[in-house]
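Undergrad: Got a predicted structure here, sequence first:
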Amino acid sequence: MTEEQKPKPNYLWSMFTMRCPRCRRGDMFKNSNPYKKLKLSSILDMHERCPVCNQKFDLEPGFWYGTGYVSYALVVLFSAITFVAWWIIIGISADDNRVLFWLLFNAVLIVILQPWFMRFSRVVYLNFFVKYNENYDKEEGKTFDY
């Protein structure tokens, strides 16, 4: 398949596989699996630039502080989804401890999924600022520090 025939990468696929928002092909993180090395210092190890299109990931000093808000919103959305699913499947009652069981279940899931939430919040946050460019390969020699 030639370069011209390559299909346009899907937006959601590129986000969930944590790809560069500019080309949707290059990996953002050095290790694709956050659970492979359960070392907290290496969970967020990112490439400085996209290996495919040379897009800089750390746009300015302190750029990633905004991901805390994105991560919070993702966890609240996840909690709402698990609450509705619990309500539909098991039910909610004031007469027993089903709500407390949901709280415990939800808390355990959030702790287990936290490395993924942290990485995904970086992907979502970077997608706010860097837009897809299907002609990234024709712009040779540019550094894209914006």
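TA: Okay, I see it.
Undergrad: residues near Tyr136, how many?
TA: Neighbours of Tyr136 under the rule other Cβ atoms under 10 Å: 20. Just so you know, the C-beta spots here come from the backbone N, C-alpha and C atoms, and that holds for glycine as well.
Undergrad: In this structure, what helix or strand scores lowest on average pLDDT?
TA: helix 11-16 (a mean of 90; mean pLDDT, DSSP states H and E).
Undergrad: Could you confirm Asn33 falls within a helix?
TA: No - per DSSP: H, G, I helix; E, B strand; the rest coil, Asn33 lies outside any helix segment and is coil.
Undergrad: what are the phi and psi values for it?
TA: When read as degrees, to the nearest 10, the backbone of Asn33 gives phi -110, psi 110.
Undergrad: contacting residues for it?
TA: With Cβ atoms under 8 Å, 6 or more residues apart in numbering as the criterion, no residue contacts Asn33.
Undergrad: cool, and Val75?
TA: By Cβ under 8 Å, 6+ apart, the residues touching Val75 are 110, 117.
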